[in-house]
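Asks: quick one: sequence plus predicted model below, questions after.
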Amino acid sequence: VFPSQDPLDRADFNAVEYINALFPTEQSLANIDEVVNKIRLKIRRLDDNIRTVVRGQTNVGQDGRQALEEAQKAIQQLFGKIKDIKDKAEKSEQMVKEITRDIKQLDHAKRHLTTSITTLNHLHMLAGGVDSLEAMTRRRQYGEVANLLQGVVNVLEHFNKYMGIPQIRQLSERVKAAQSELGQQILADFEEAFPSQGTKRTGGPSNVLRDACLVANVLDPRIKQEIIKKFIKQHLSEYLVLFQENQDVAWLDKIDRRYAWIKRQLVDYEEKYGRMFPAEWCMTERIAVEFCQKALAELSKIMRTRAKEIEVKLLLFAIQRTTNFEGLLAKRFSGCTLTDGTVKKAEVPPPSTNPFLEDETGAEADEIVIEKSDTDKPKKPKVPDNPFHGIVSKCFEPHLYVYIESQDKNLGELIDRFVADFKAQGPPKPNVDEGGAVLPSCADLFVYYKKCMVQCSQLSTGEPMIALTTIFQKYLREYAWKILSGNLPKTSSSSGGLTITNLLKEKEGSEVAKFTLEELCLICSILSTAEYCLATTQQLEEKLKEKVDTSLTERINLTGEMDTFSIVISNSIQLLVQDLDAACDPALTAMSKMQWQNVEHVGDQSPYVTSVILHIKQNVPIIRDNLASTRKYFTQFCIKFANSFIPKFINHLFKCKPISMVGAEQLLLDTHSLKMVLLDLPSIGSQVVRKAPASYTKIVVKGMTRAEMILKVVMAPHEPPVVFVDNYIKLLADCSTDTFQKILDMKGLKRSEQSSMLDLFRLRLPAPPPGGDGTGSLSLSAPTPEQESSRIRKLEKLIKKRL
């Protein structure tokens, strides 16, 4: 249990080893008696300790039983005390109940007595109030009736649970009869004061009618509605006569007179009847809303009848005057009565974060443009802030096709003018310093789109916006094809008379690109314009979705038009690539027709390389400077050119046959020179050296390294054949027999040697992976970066050695 260093306590104790440790030699046996005495003493001590412990444990059991008995006695005593406390608590609770029994009875009696007294008081008030109410009704004392009637109705509510008592039921019926009589009497008084037929009462409103309105607030709401309806109908009766459909003032060109008439009527009402009706009835607003509903019906009817006479200028004039009037209503009234009618408040759309439009409050496009000399053009409030928006102007929505057709015609004329202007003015002048310019016509087009969109959204956010979007789509496509694609330079079929002889000349300016400087700038300008149109069309789509109703947002989709501009961009880049690629073709043709087996020594780069570099230095800086604002598309141009030029260069490399060792070394030097030029292509001729994009560098290194490996294989001796075949498979990682055949042709081997080489090549091919197609053309794993770096270093050493 306790740690011990004594050998006797070890689990693997060995008596023989212990004794040998005590007496290691014969001389040590001399003190054997002393050792034995020590052990005996130790044994006696252990016996004493054991004896003491055993004796100490004899009384433990007896002490434990005694302690347990004492604990049980203590628990019994505690339980007895708890029981005594519980009995005393029950007795105390019973005593409290006996004491409070009489108090509860008194509380119930007090509550019932209070209720009885209150009910009797209410009954007395109800009986007296009903008598007074009937008397005041007969005397038309509406001022006193208004206060009394409300009190009687409130008191009567306390007797709802006593309606089974005949007297209470009788009082309730008398109150209802008094309310009915008051309602009929007030309606008769208003009919007498404001008859349906005839003129208005000349004496003006009376205090009796004002108090009657207060009573109507307490009566059935139908009485109040009937009063309002009859008064407004009588107040607007003149309008229906003045602006009948057959009247000259009813047409759209005199729509101002309708709104001027209602303004005079509202002023007249405020002066004569403003104090007669309670302020919470909002009678002025109700009159204006009823007028708007009648104007909506009348205008809709007359426009259906005379639809052929509606012109776009007349329609826009009427819409502007109507929206101005709706804005005036929004400034004057809160719109609290609109929930009673059919017109609802406009929902507030989420705030716009799109940069396509500026703040519409200050934009000129916020006002509908009409060709009339009007000086009083109040700014129309924003639609979301105007609860009256559309209350009258929605009658114009079915006729907005006139506006849409007008915009269709205007946009068609605008596109035709753009085409004519481009033909008359010609392509934009090259301005390399400022980069490629965006055609000004695209900005004009989108500014016009912006104005049309704002106008139409003020007129309607429903189907007309969808129709306008369709028009936008139509002319975006026409702009893309007629203005952009239609003006891209066409590639000529002739080669321009360039021959191998003058291609090999190294004088600058002796070669002419297929596209002139102006044509290159035009292509870049069209590319920049298409990129601008693509971004702006995306913003236009987002803004249209903000303007249109939420239920129609899914029908707005300008993806097809954005794809069209993307096609223009792709075609422009392809034209630039084709132009530079075609300019390099004669040089590559000259390379393939040179007698490489007759090259006797390695010199500087060949003339065809100089020709290629000259074309690159002529075209690329112009394209880069003109695409400065669209850097990503210049990168695409570089990548596409590399993907086009490098395979073509390798194909022409295969046509160089036969090649001597020195000729292969010269081609290797030329290939390295082209590789360095291609790696520097994005910044060639630029004062600012910028690192080429990694994606482009990867393409160039991969393609040109393959060309270098082809030439290294050509330079390798073909004896022994096994070593040559293995070296080919290792360097090119291409198990195509066609490629191997081309390598053999470049080395100038005879057909018999080629046949044996091909047989050996097929035997040395690695086994195809399981499940392969078995076509004989296998794909080996690409060399690791370390291997490729090693090859490049070897190539550089070889070039330095030759130079």
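Replies: In hand now; what should we look at?

Asks: over the host helix or strand of residue 697, what's the mean pLDDT, rounded is fine.
Replies: Element membership of residue 697 [criterion: DSSP states H and E] is helix 694-715. For helix 694-715, mean pLDDT rounds to 90.

Asks: which other helices and strands contact the following helix or strand past that helix?
Replies: Per DSSP H and E, the first helix or strand lying C-terminal to helix 694-715 is helix 721-732. Here helix 721-732 touches helix 694-715, helix 737-747, helix 751-764, going by 3 or more C-beta pairs under 8 Å, 6 or more residues apart in numbering; DSSP states H and E. The way it works is simple: take the backbone N, C-alpha and C, and place the C-beta from them, glycine included.

Asks: and helix 721-732, how far from the chain's centre?
Replies: Per C-alpha atoms, centre = their mean, to the nearest Å, the displacement of helix 721-732 from the mean C-alpha position of its chain is 56 Å.

Asks: angle of it against helix 751-764?
Replies: 70 degrees (axes from the mean of the first three to the mean of the last three C-alpha atoms, to 10 degrees).

Asks: and residue 655, how many neighbours does it have?
Replies: If you count neighbours by other C-beta atoms under 10 Å, residue 655 ends up with 14.

Asks: wait, what's in contact with it?
Replies: With contact taken as C-beta atoms under 8 Å, 6 or more residues apart in numbering, residue 655 is in contact with residue 592.

Asks: other residues contacting the helix holding residue 697?
Replies: For helix 694-715, the surrounding residues in contact (C-beta under 8 Å, 6+ apart) are 635, 638-639, 642-643, 646-647, 649-650, 653-654, 659, 661, 664-665, 667-668, 671-672, 674-675, 678-679, 681-682, 727-728, 731-732, 743, 746-747, 788, 791-792, 795.

Asks: so of those residues, which ones are in helices?
Replies: In this view, those that belong to helices under DSSP state H are 635, 638-639, 642-643, 646-647, 649-650, 653-654, 661, 664-665, 667-668, 671-672, 674-675, 678-679, 727-728, 731-732, 743, 746-747, 788, 791-792, 795.

Asks: just the buried residues of the contacts of helix 694-715.
Replies: By neighbour count, with 16 or more other C-beta atoms under 10 Å, these hold 635, 638-639, 642, 646, 649-650, 653-654, 659, 664-665, 667-668, 671-672, 674-675, 678-679, 681-682, 728, 731-732, 743, 746-747, 791, 795 as buried.

Asks: ok so, going back, out of the helices and strands packed on helix 721-732, nearest to residue 419?
Replies: helix 694-715 (37.0 Å; C-beta to C-beta).

Asks: CA atoms only for stretch 102-116, dumped as PDB, please.
Replies: C-alpha atoms of stretch 102-116 as PDB (Å, rounded to 0.1, in the frame of the first residue of the first chain):
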ATOM      1  CA  ASP A 102     -68.300  36.300   9.400                       C
ATOM      2  CA  ILE A 103     -66.100  38.800   7.600                       C
ATOM      3  CA  LYS A 104     -66.600  37.100   4.200                       C
ATOM      4  CA  GLN A 105     -70.400  37.200   4.700                       C
ATOM      5  CA  LEU A 106     -70.200  40.900   5.300                       C
ATOM      6  CA  ASP A 107     -68.000  41.400   2.200                       C
ATOM      7  CA  HIS A 108     -70.600  39.600   0.000                       C
ATOM      8  CA  ALA A 109     -73.400  41.600   1.400                       C
ATOM      9  CA  LYS A 110     -71.600  44.900   0.800                       C
ATOM     10  CA  ARG A 111     -70.800  43.900  -2.800                       C
ATOM     11  CA  HIS A 112     -74.400  43.000  -3.600                       C
ATOM     12  CA  LEU A 113     -75.700  46.100  -1.900                       C
ATOM     13  CA  THR A 114     -73.300  48.300  -3.900                       C
ATOM     14  CA  THR A 115     -74.300  46.600  -7.200                       C
ATOM     15  CA  SER A 116     -78.000  47.100  -6.300                       C
END
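
Asks: buried sites along that stretch?
Replies: Going by 16+ other C-beta under 10 Å, stretch 102-116 has no buried residues at all.

Asks: and the helix holding residue 697, how far out from the chain middle?
Replies: Distance of helix 694-715 from the chain centroid (C-alpha atoms, centre = their mean) equals 43 Å.

Asks: thank you kindly, that will do.
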